[in-house]
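J.: Structural data only, the sequence is not supplied:
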């Protein structure tokens, strides 16, 4: 997406209630460090996952985002294609969210924003968190891929020899942000077999 000198690089970040709230939180932190404007929208169940997994409340993520939008604020700027962004990252992405996007029948600002990104032919990256997958899940993944989204489950890259959960999270989030051509310094790049 061409960005004019007066338009900041901006990205929409969605966080759903799927396990893996740390992916969304870390994405916000890395984007802030990279100087990227972030527009955050969280599902209602995301607050439960934040509390359970990270002992955080939605307000704790507000300081990491540039702008926070309420889940039912369908009049928010991110609900319109005229609001230019690089696209949207949903991290983590629940199967419910994936299914809404695949059907085109959206019930919240989060899925509306994703629908807008697709109709404007911008990048939509879905860090889908579910396993094992049944046929309905797989069909939804095929549908969103055919619509232009990128399905990117957060799979650890063991070639990078991660020594902590944080290292695995950073690598997965960094690779997701690579898809938007945003360099974060969080990715241990492959340098060939035997390189250390």
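T.: That came in fine, so what should we check first? All values reported here derive from a predicted model rather than from experimental measurement.
J.: For this structure, which segments count as strands?
T.: Listed in chain order, the strands of the chain (DSSP state E) span 10-15, 37-42, 67-69, 87-93, 123-128, 150-151.
J.: packing partners for the helix or strand of the chain with the lowest mean pLDDT?
T.: Ranking every helix and strand in the chain by mean pLDDT, DSSP states H and E puts helix 58-62 at the bottom, with a mean of 93. Where contact means 3 or more Cβ pairs under 8 Å, 6 or more residues apart in numbering; DSSP states H and E, helix 58-62 is packed against helix 21-33, strand 37-42, strand 67-69. C-beta here means a position set from N, CA and C on the backbone, and glycine is covered the same way.
J.: and residue 59, which of the ones you listed is closest to it?
T.: strand 67-69 (9.0 Å; Cβ to Cβ).
J.: For that closest one, what is the distance to the chain centroid?
T.: 15 Å (Cα atoms, centre = their mean, to the nearest Å).
J.: ditto for stretch 89-108
T.: For stretch 89-108, the distance to the chain centre is 11 Å (Cα atoms, centre = their mean).
J.: Which of the residues in it are classified as buried?
T.: Within stretch 89-108, the residues scored as buried using 16 or more other Cβ atoms under 10 Å are 89-102, 106, 108.
J.: I'd guessed residue 104 sits against residue 112; true?
T.: No - applying Cβ atoms under 8 Å, one finds residue 104 not in contact with residue 112, separated by 10.6 Å.
J.: circling back: let's have the strands of the chain in a markdown table, adding distance to residue 134 and mean pLDDT.
T.: Compiled in a markdown table, the strands of the chain are given as follows (distance: least, Cβ to Cβ, whole Å; pLDDT from 0 to 100):
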| stretch | distance to residue 134 | mean pLDDT |
| --- | --- | --- |
| strand 10-15 | 23 | 98 |
| strand 37-42 | 26 | 98 |
| strand 67-69 | 32 | 98 |
| strand 87-93 | 17 | 98 |
| strand 123-128 | 13 | 98 |
| strand 150-151 | 15 | 98 |
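J.: Serialize those to TSV and add fields for distance to residue 164.
T.: Formatted as TSV, the strands of the chain follow (distance: least, Cβ to Cβ, whole Å):
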stretch	distance to residue 164
strand 10-15	22
strand 37-42	25
strand 67-69	29
strand 87-93	19
strand 123-128	19
strand 150-151	26
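J.: for the ones you listed, which one sits closest to residue 142?
T.: Nearest of the strands of the chain to residue 142, taken as Cβ to Cβ: strand 150-151 at 8.9 Å.
J.: Now tell me what touches that closest one from outside.
T.: 98, 123, 124, 125, 126, 128, 141, 144, 145, 179 (Cβ atoms under 8 Å, 6 or more residues apart in numbering).
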